[in-house]
Structures are given as C-alpha cells and as structure tokens.
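Student: Build me a model:
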Amino acid sequence: MLATSAADAFDLFERAKNDDLLVRGVHHKEAVGRRFCDILGVLGDEIRSPSDCPEQIMPLWLAHAAFRLFAGQSLDSAKAWGSQFYAELKRLNGTVPFSVVNDWHANVVEPFVIRISQRPEPNPWGNLAPPTAMQALHTRALGGDTIAADEWHRVLYDAFLHIFADRMSVNLNNIDLNNMGRRQDMEKFFHGPRLAEANAGMYSGAFASADGAGYARANAAPTSVGFGLDSYAHAALTAYSILSVHAVFLAYKGASPPYDYYNGIKSKNERIGFAALAQGLLECLTRVAQ
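Tutor: Numbering: from 1, shown residues only. As a prediction, this is how the structure comes out:
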C-alpha cells in the first residue's frame with residue numbers, strides 16, 4: 001500500500017534503514033530472498049518513478065531531486081541523509097514552499113559554483129560573474145522580490161553558458177527511436193549557446209512565477225542535463241568532478257593517459273559534490289517555518 005503522509009513516509013524509511021533494506025539508484029530490487037528499496041521505493045510497490053510519489057508527501061521536483069541526491073552519495077551518507085530528509089518532511093507535513101528552491105540556489109548551489117570558479121588555472125569555469133549574478137537573483141527572490149521572466153532569462157543564459165563551458169551537450173537523436181540508424185538531425189543537437197538558451201527558456205518562467213510544477217518540468221525536460229535534478233546543479237557537479245583531474249590531465253606527457261585512474265578520482269569527487277548539495281538542501285528544509 002502506498003504511503004499517504006509524510007509521517008508514514010518517515011516511519012517506512014526508518015524501518016527499511018533499520019532492517020538494512022536500503023539501496024541506491026533503483027526503487028525496488030530483489031536479492032537473496034529479500035526486497036530492497038531506495039528513498040522513494042520505501043513508500044510502496046506502486047513507486048515506479050519519482051513522478052509516482054504522492055504530492056502530499058513532497059512536491060514532484062523534490063521527489064526527483066531526492067532520488068538523484070540519494071543515489072549520488074555513498075550508501076552510509078545516503079542513509080543518514082534520508083532519515084533527516086524524511087524527518088523534515090514529517091515536520092512540515094509534506095508542505096514544501098518554492099522558497100526552498102531559491103534558498104538552495106542562493107546559499108548552496110551558486111556558492112558551490114563560485115568556489116569552482118575560484119580554483120586556479122587552468123580552469124574552464126574561472127569566471128565569477130555568472131554564478132554571482134544568479135546568486136543575487138535567487139537571494140532577491142528569497143527575500144520576496146518579484147523578478148520578471150526576462151531578467152531571469154538573461155542571467156540564466158549567462159550562467160548556463162558558463163557552467164556548460166562547451167563541455168556538455170544533449171543529442172535528442174539518441175532518444176528518438178524513429179531516427180535510429182538514420183542521418184543525424186542537427187536540429188536535435190544542443191551544445192554551447194543553443195543548450196544554454198534551451199535551459200534558460202525552461203527555467204525563467206518557473207523561477208519568475210515560483211512555479212514548483214514548472215520547475216519539475218524544466219528539470220525533466222529532454223534538454224536538461226540533470227535527468228530530473230536541477231540542470232544547473234547537475235552541471236555544477238559535472239564541472240566539479242572534471243576540475244578534479246583537469247590540470248593533471250593537461251600536464252600528462254605519456255603515450256596513453258590512465259583514464260581509469262582519472263575516472264576514479266572524478267567519481268570520488270562527484271560523490272563529494274552530491275553529498276554537499278544534498279546536505280545543503282536539507283539545511284534549506286530546516287529553515288522553513290512550520
């Protein structure tokens with residue numbers, strides 16, 4: 001039976017944690033005669049995707065974020081985080097205002113990007129202006145200012161162009177089954193300014209109107225790089241992991257770089273980044289008055 005309240009969700013998560021039945025990355029898994037579940041799978045067998053999470057437990061955008069943030073951490077960290085996460089949802093009775101999104105960006109995500117931008121050269125993200133401007137807008141929104149979609153769009157475009165740094169792209173040909181084996185349709189290829197424009201267009205309206213449902217749609221859009229998580233936040237995690245090996249990779253003079261070694265370092269730093277953004281989101285929830 002599917003959980004119907006945040007209090008039920010907290011109890012179910014704690015039971016799965018205490019019984020050592022938690023996994024990451026899949027909602028349900030059967031092994032050695034036992035049934036395992038993740039942070040959303042604990043809610044019931046009916047959960048097949050984050051979109052199946054009842055909105056009286058948490059908003060859709062938060063369900064998708066919780067799935068990604070839980071999966072991105074080490075299991076021990078994820079367990080501790082999940083307990084605190086559901087405790088806050090129980091305290092708030094599942095009512096999470098959009099201000100949490102602004103708080104997360106202003107006080108967690110953008111400061112994370114600013115620290116990336118402050119790293120020494122060689123640094124493809126070495127420009128403080130775009131994330132600082134984004135932080136300023138979210139701070140204003142958190143303080144109650146109404147900001148027009150056009151203003152959001154201008155700042156978002158620069159911020160996405162900066163965080164993508166010509167290192168991220170989306171090829172919608174890869175998800176179009178009708179195009180399999182055919183010539184690539186370049187209208188379905190998004191890179192650089194075009195990818196930044198697509199993301200700025202998706203998020204500007206949601207931020208301007210403090211629209212949680214619109215924010216969830218932007219996070220899940222085909223041109224988002226976040227796969228349900230905020231596209232800018234996910235791109236920041238990618239940048240953080242790349243930067244952890246960027247200088248060493250450029251300085252390598254051998255015949256064949258040790259890619260497995262580099263990828264191991266990137267994966268370790270990506271988990272560190274996921275844990276930082278997850279903990280920051282939790283702190284934003286604690287700041288919401290009941």
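Student: Could I get the full set of strands for the stretch 51-200 of the chain?
Tutor: 169-171, 189-191 (DSSP state E, counting those that start in this stretch).
Student: If you average the pLDDT over the first one, what comes out?
Tutor: So that's strand 169-171. Mean pLDDT, computed over strand 169-171, is 69.
Student: now swap in the last one and tell me
Tutor: Here strand 189-191 scores 70 as its mean pLDDT.
Student: what ranges of the chain fall below the confidence cut-off?
Tutor: Scanning the chain with the threshold set as pLDDT under 70 gives 169, 171-190, 247, 249, 251, 290.
Student: care to break it down by domain?
Tutor: 6-92, 99-286 (automatic domain parsing).
Student: Please tabulate those domains in JSON lines, including the columns mean neighbour count.
Tutor: Bear in mind the C-beta positions are built from the backbone N, C-alpha and C, glycine included. Formatted as JSON lines, the domains of the chain follow (neighbours: other Cβ atoms under 10 Å):
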{"stretch": "domain 6-92", "mean neighbour count": "18"}
{"stretch": "domain 99-286", "mean neighbour count": "17"}
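Student: Does residue 51 touch residue 59 like I think?
Tutor: No - between residue 51 and residue 59 there is no contact under Cβ atoms under 8 Å: 11.4 Å.
Student: Was I right to think residue 46 contacts residue 53?
Tutor: No - applying Cβ under 8 Å as the test, residue 46 and residue 53 come out as separate, 9.8 Å apart.
Student: Ignoring the adjacent residues along the chain, who's closest to residue 46?
Tutor: Leaving aside its sequence neighbours, residue 46 sits nearest to residue 2 (Cβ to Cβ, 6 or more residues apart in numbering; 4.6 Å).
Student: Phi, psi for the one you found please.
Tutor: When read as degrees, to the nearest 10, the backbone of residue 2 gives phi -80, psi 140.
Student: before we move on, what about residue 34?
Tutor: According to degrees, to the nearest 10, residue 34 has phi -120, psi 150.
Student: Could you pull up the contacting residues of it?
Tutor: With contact taken as Cβ atoms under 8 Å, 6 or more residues apart in numbering, residue 34 is in contact with residue 21.
Student: What segments of the stretch 51-200 of the chain are helices?
Tutor: 60-72, 75-92, 99-104, 110-117, 129-142, 149-164, 193-208 (DSSP state H, counting those that start in this stretch).
Student: would CSV of the ones you listed with distance to residue 281 be doable?
Tutor: Listed next are those as CSV, based on distance: least, Cβ to Cβ, whole Å:
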stretch, distance to residue 281
helix 60-72, 7
helix 75-92, 8
helix 99-104, 5
helix 110-117, 12
helix 129-142, 14
helix 149-164, 18
helix 193-208, 17
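Student: These: which one's closest to residue 254?
Tutor: helix 110-117 (27.4 Å; Cβ to Cβ).
Student: distance between that closest one and the chain's centre?
Tutor: Here helix 110-117 is found 15 Å from its chain centre; the criterion is Cα atoms, centre = their mean, to the nearest Å.
Student: Could you do stretch 239-249 as well?
Tutor: Computed by Cα atoms, centre = their mean, the chain-centroid distance of stretch 239-249 equals 20 Å.
Student: ok, residues contacting it?
Tutor: Under Cβ under 8 Å, 6+ apart, the answer for stretch 239-249 is 112-113, 116, 119, 122-125, 163, 165, 167, 257, 262, 265-270, 272-273.
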